[in-house]
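[1] Give me a model of this one.
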Amino acid sequence: MRFTTSAILALPLLAAAAESPFEQYKAKFQNFLGSFGVAIPGVVTPEATTESVPAAPKAKVGAKKIETLTLANWKDTLYAPVKPDATQPEEWYVLITGGNKTCFGHCGKVETAFNESVARFAVQAKSPHVAAINCDDEPVLCNSWSASTGALWVFEMLPQPAPVDVYWKRMNLTTTTSQDILDLYAKDDKKDFYLIKGYFHPFDGQLAQYGLAVPLGYFLWIMNVIPSWAMMLGVSFLSRTMMNRGAAPNGPGARAGAAAPRPAAQ
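    I've put the predicted structure just below:
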């Protein structure tokens with residue numbers, strides 16, 4: 001009777017011990033699924049999967065979205081959060097990235113760092129809007145801005161037609177971490193960035209104002225797509241054609257000289 005009573009009393013403890021590992025793995029799996037709300041496709045955010053992040057911030061991480069900028073939507077997307085009567089700019093952090101064509105497969109490290117910084121931005125009271133441009137998918141947009149891969153662009157958006165300040169910084173493709181990006185934002189200044197001025201400014205540059213930025217982007221993209229041997233062959237063919245036309249006696253003076261009779265011999 002004593003053994004039977006002890007066994008009965010121990011059953012709840014055994015059941016609790018059996019459920020505990022299952023609940024832990026279940027929680028980890030839920031955290032893992034929640035991490036997919038903020039990552040660029042193909043990259044998982046480690047910070048969002050840690051058990052130290054409380055439940056409420058996890059919901060914020062899921063709500064922080066990395067916008068994908070394209071040639072068709074980039075301007076509307078950047079202006080979307082700007083209120084008509086705003087006096088303080090809405091700040092955007094935009095990563096210029098690429099794949100094997102434009103970044104030669106070296107942008108994975110900085111992409112991961114950017115994704116991780118977004119997860120950490122999401123739990124802060126103040127943070128920038130975030131977006132990314134893949135130059136493999138949007139070569140015309142990147143060429144129209146003269147934007148190189150592996151760079152971080154910062155847009156300070158005010159209501160139209162106010163000028164837009166745009167900054168950029170080249171990120172180290174091998175050593176950049178999420179903390180580096182958070183530190184740049186925490187400084188609350190742009191001493192580490194270059195202010196963009198001149199023809200290629202996306203909003204205020206002369207190319208954008210006269211509607212030439214996109215045509216130039218197409219032209220530069222086509223020039224990059226054409227193989228170098230085809231370019232040399234075309235230049236050679238054109239130069240030979242021009243030389244042959246210049247050497248041929250087809251001008252009016254040549255025809256007049258051929259038609260004139262020779263003077264009679266005395």
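[2] Can you give me the buried ones in stretch 145-165?
    145-147, 149-158, 164-165 (16 or more other C-beta atoms under 10 Å). Bear in mind the C-beta positions are built from the backbone N, C-alpha and C, glycine included.
[3] Between the two ends of that stretch, how far is it?
    End-to-end distance of stretch 145-165: 14 Å, with C-alpha to C-alpha, to the nearest Å as the criterion.
[4] what helix or strand does the closest residue to W74 other than its chain neighbours sit in?
    Nearest residue to W74 in three dimensions, chain neighbours excluded: L141, at 6.5 Å (C-beta to C-beta, 6 or more residues apart in numbering). If you go by DSSP states H and E, L141 is part of helix 139-145.
[5] Please apply the same query to T77.
    helix 74-79.
[6] any idea which helix or strand comes after that helix?
    Sequence-wise, the next helix or strand downstream of helix 74-79 (DSSP H and E) is strand 90-97.
[7] Tell me the strands beside that next one, with direction?
    strand 129-134 (parallel), strand 151-157 (antiparallel) (DSSP bridges).
[8] Contacts for the helix or strand just after the last one, please.
    Put plainly, it is strand 151-157. Downstream of strand 151-157, the next assigned helix or strand under DSSP H and E is strand 165-170. The contact list for strand 165-170 (C-beta atoms under 8 Å, 6 or more residues apart in numbering) reads 89, 147-148, 150-156, 184, 190, 192-196, 201-203.
[9] Next, the angle strand 151-157 makes with strand 165-170.
    170 degrees (axes from the mean of the first three to the mean of the last three C-alpha atoms, to 10 degrees).
[10] And strand 165-170, what's buried?
    Buried residues in strand 165-170, counting neighbours by 16+ other C-beta under 10 Å, are found at 165-166, 168.
[11] Put together JSON lines for these, with pLDDT on each row.
    Below are the buried residues of strand 165-170 laid out as JSON lines (pLDDT from 0 to 100):
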{"residue": "D165", "pLDDT": "97"}
{"residue": "V166", "pLDDT": "98"}
{"residue": "W168", "pLDDT": "97"}
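[12] Please identify which of those residues is nearest to V82.
    Of all the buried residues of strand 165-170, D165 has the smallest distance to V82: 13.4 Å, by C-beta to C-beta.
[13] Name whatever forms a beta bridge with the closest one.
    Beta-bridge partners, per DSSP bridges, of D165: E156.
[14] got it, and K169?
    L152.
[15] Quick one: end-to-end length of stretch 167-178, please.
    Start and end residues of stretch 167-178 are separated by 19 Å (C-alpha to C-alpha).
[16] Kindly apply the preceding question to stretch 131-140 instead.
    17 Å.
[17] and what of stretch 73-89?
    With C-alpha to C-alpha as the measure, stretch 73-89 spans 20 Å from end to end.
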